[in-house]
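Asks: 3D, please:
(one chain, ligands or ions: 1)
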Amino acid sequence: MRQLFLTCLLMSALAVHANTTTTKAIEVQDKKESPFGESSLIFDAIDEQEPISYDSGELLDYFLGVNRIQNGGFSSLPSIQGLSDDRIKIKIDGMNLISSCANHMNAPLAYAVSSNIDEMSVVAGLSSVSQGGDNTGGVIKIESSLATFSSSQEWSVDQRAQSYFKSNNETIGLNYAATASNDSSSIRYHGSGVKGKNYHAGGDFKDAGQAASDRGYLAGDEVGSTQFKNTSHQLNLSKKIANDIYDLQLGYHHSPYESFANQRMDSVDNTSLQSKFSITSDYDWGNTLSTFYIDDTKHKHNFGSDKQYYYANGMMTSYGMPMKSEGKTAGLNIDAQIFLNDKDTLKTGIELQYYRLDDTFYASPTDTSTMMGPGNFQNINNGKRDRFDIYTQLDRAWSDEWLTSLGIRYGFVNMDADDIQGYSTTTNMMTNQVTDSTAFNNSDRSKTDHNIDLSLLAKYDPNELSNIEVGYTMKTRSPNVYQRYTWSTWTMAANMNNLYGDGNGYVGNVNLKPETAHKVGFLYNLKNQDKTWEVKVNPYYALIEDYIDAVSINNSRPDGFRTLQFTNQDAYIYGFDVLAGADLISNSSFGAFKILTKINYQRGKNKDNDTNLYNLMPLNAIIALNHNYQRWANTLSAKIVDEKDRVDAERLERQTAGYTIFDFKTSYSYESLQIDAGIDNILDKKYDDPLGGEYLGQGATMSTGIQKDTGTQVPGMGRSFNLSLTYNF
Ligand SMILES: [Cu+2]
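Replies: Numbers count the residues shown, from 1 in each chain. Have a look, this model is predicted:
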């Protein structure tokens, strides 16, 4: 029901009101809605979710200012106004999850199952310090477990079962949710499973043939390494006692495989165990939310079924390249909102986070040389990133027209990593392992950052029909463990450390500093008298000091790719986002028609090396025509994307051509049954995905077996017929 998304986008303020009945937190926030808080969009658990989606990142496409970087089948990386990946804080049920993989295969959205999302909000413009620290790009909040209690002491049970099918990659998904509740207790379970094959582009983008010398056949339009399988279970036990709601959440996520078309390796087993305990308290004087969470992730990496597995090369013989990363995260957040008087709300809180990471490349048991043996290669040994944050923010309603929000946050980040070793401790063997590891082990790796965030926001609301929001924020983020502590300049090892999907190799830098984004923005909302049309315009400019970018340290690799090292440089990003909607026909005998548009433009430059920033979406627009008639809803939409000709020369980013794709969706509900159907990419357009990265989905991907000059961008998905059936009982 995409039309509901788009409608909500334009009615976000109204949507907040409309949903207050089910969500206590929103009810309170709504009394003093902060500037820029309005870019959020709320949708109800069952009625307004995207039914045919296994990647919750797809839901983000419809938020103002957001683009999605495809990353595997179900773990996409959001990009908000040009900043992406872990520059964005993604909070799922209050948990700040960290990706424990050298390619960010288990990015946080991998754990947010679309059918299990109650509420999603994006602060795309300027985020106040109370929204979260340790980010420079914005905040995405996902709630999957909002406790709902019935009005009587009698227990009642709600169940929902859904299945869906997507023709292009033969995806089959099933999910089931059950909630048993009375007026003070709630037990909720959600389980899901999804499995998809490789997807097909809108036409041939490479020659058909064997995926690799020891692998099967791929058609010319088949995008290698895009198959996936994922299961997830979540249980919530909630209890309301007086003014408090206690919630215990247990989650288990397991993916036996998820292949990556833009990485040299694939995920061959990812298991995450998550638990969370939260207390939400609501009083006359304000409210508090305390969340304690633990995440334990075990991730295995190897060559999936389309990448060469057997390497025999002189002395070196190896079967696969087993790698394992293990991440442990524990955190405590306490946030309070205190109504000081009718004008002032004080928001204050603390955040503690503990994180450990081990990332190991196992010795190849059949490798008799010292290239991939005899010992294990320690990519990260006991990496540490611990944080402590404290913030305070004052939101003040000066009058009915003026609202301001002033906040400051201090973040303490302590990072470290233990000594490492390569496969061999005695010989470089053309890999530089001994030289690099000795230099790393002799370096001072314990780093402490003191990060300051500021938010100064104002909203002028002269009448019901227009308002203006304006502000400045300073946001600081320390590097992640991979950016600071990966150490090997050896092409093969560096290739394995790639957070960007560009095919290059990356080397960490222990002397990296935190990056600080200074952003100014302006948001103008305008409606006409009878509210039949609405426009939102959001221009912005961000100057990022010590932007964590990379410079080439090896321009002469035989495959034409590069090996780069992380470094701090200065950068800026500017752009604008526009959202507009109008009722075309309100109430005819054929129903109501509405037109909606989202326009997104951004440019970014690295000032030090005078290149464009990597992975910025070119100018793009979505235009959608919605039709609603009784229980029937339809949307026909066009996504128009300009050519990408401003690219990052340092990373050899590819240019991509412009394209337009059309989608159609229809939804009909009858009693407890809901049927959704649609066609994605109706014209089966073949196009290069501007944010798709380098195609590494097949072949000898390990070292230098793929040539940059004969390569290509990962193409987008061709036509797909989709169907979903949802049954509520
Ligand atoms: Cu991985």
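
Asks: give me the neighbour count for residue 526.
Replies: 14 (other CB atoms under 10 Å). For the C-beta atoms, the positions are set from N, CA and C on the backbone; glycine is no exception.

Asks: which residues does it contact?
Replies: Residues in contact with residue 526 (CB atoms under 8 Å, 6 or more residues apart in numbering) are 465-466, 534-536.

Asks: just the ones of the residues you listed in strands?
Replies: In strands, defined here by DSSP state E, the members of the contacts of residue 526 are 466, 534-536.

Asks: quick one: these as CSV, columns for pLDDT too.
Replies: Below are the ones in strands among the contacts of residue 526 laid out as CSV (pLDDT from 0 to 100):
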residue, pLDDT
466, 89
534, 87
535, 89
536, 89
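
Asks: among the contacts of residue 526, who's most crowded?
Replies: In terms of neighbour count, residue 536 stands highest of those at 24 neighbours, by other CB under 10 Å.

Asks: might one say that that one is in contact with residue 64?
Replies: Yes - the criterion here is CB atoms under 8 Å, and residue 536 meets it with residue 64 at 6.7 Å.

Asks: and stretch 709-726, how far apart are its ends?
Replies: 47 Å (CA to CA, to the nearest Å).

Asks: quick revisit: tell me the one of the ones in strands among the contacts of residue 526 nearest residue 117?
Replies: The shortest gap between residue 117 and any of the ones in strands among the contacts of residue 526 belongs to residue 536, at 23.3 Å (CB to CB).

Asks: what sits against that closest one?
Replies: Neighbouring residues of residue 536 by CB under 8 Å, 6+ apart: 10, 64, 523-526, 577-580.

Asks: the ion: which of those is nearest?
Replies: The nearest member of these to the ion, counting by CB to the ion, is residue 64 at 31.4 Å.

Asks: and the host helix or strand of residue 230, what other elements does it pack with?
Replies: When elements are assigned from DSSP states H and E, residue 230 belongs to strand 228-241. Helices and strands touching strand 228-241, by 3 or more CB pairs under 8 Å, 6 or more residues apart in numbering; DSSP states H and E, are strand 185-196, strand 244-258.

Asks: for residue 659, which of those is the nearest?
Replies: Smallest distance to residue 659 across the helices and strands packed on strand 228-241 (CB to CB): 22.9 Å, for strand 185-196.

Asks: residues of the stretch 151-300 of the chain that sit close to the ion?
Replies: Taking CB under 5 Å from the ion as the criterion, the stretch 151-300 of the chain approaches the ion at residues residue 267.

Asks: same thing but at 6 Å, please
Replies: Residues of the stretch 151-300 of the chain found near the ion (CB under 6 Å from the ion) are 267, 299.

Asks: can you name the residue of the stretch 151-300 of the chain nearest the ion?
Replies: residue 267 (4.9 Å).

Asks: who's that residue bridged to?
Replies: As for beta bridges, residue 267 partners with residue 258, residue 301 under DSSP bridges.

Asks: local confidence estimate at it?
Replies: Note for residue 267: predicted pLDDT of 96.

Asks: so who does it touch?
Replies: Taking CB under 8 Å, 6+ apart, we find residue 267 in contact with 72, 101, 105-106, 255, 257-260, 299-301, 304.

Asks: quick check: the farthest pair among those residues?
Replies: Using CB to CB, the pair of the contacts of residue 267 lying farthest apart is 106 and 304, separated by 15.1 Å.

Asks: same drill for those two, tell me which one is more crowded.
Replies: Taking neighbours as other CB under 10 Å, residue 106 and residue 304 compare with residue 106 leading, 28 against 25.

Asks: quick one: secondary structure of the more buried one?
Replies: Following DSSP: H, G, I helix; E, B strand; the rest coil, the label given to residue 106 is coil.

Asks: residue 389 contacts residue 412, doesn't it?
Replies: Yes - at 7.4 Å, residue 389 and residue 412 qualify as touching, with contact defined as CB under 8 Å.

Asks: those two: which has the busier surroundings?
Replies: Neighbours per residue, other CB under 10 Å: of residue 389 and residue 412, the larger number sits with residue 389, 21 against 15.

Asks: what about the more buried one, distance to residue 476?
Replies: 11 Å (CB to CB, to the nearest Å).

Asks: tell me who's in contact with residue 292.
Replies: Residue 292 sits next to 276-278, 330-332 when contact means CB under 8 Å, 6+ apart.

Asks: okay, and the beta partners of residue 292?
Replies: Going by DSSP bridges, residue 292 forms beta bridges with residue 277, residue 332.

Asks: can you check residue 520 too?
Replies: residue 472, residue 541.

Asks: what about it, neighbour count?
Replies: With other CB under 10 Å as criterion, residue 520 counts 16.

Asks: just to revisit the earlier point, spit out the residues that contact residue 536 and residue 64 alike.
Replies: 577, 579.

Asks: quick one: residue 58 is in a helix?
Replies: Yes - per three-state DSSP, residue 58 lies within a helix segment.
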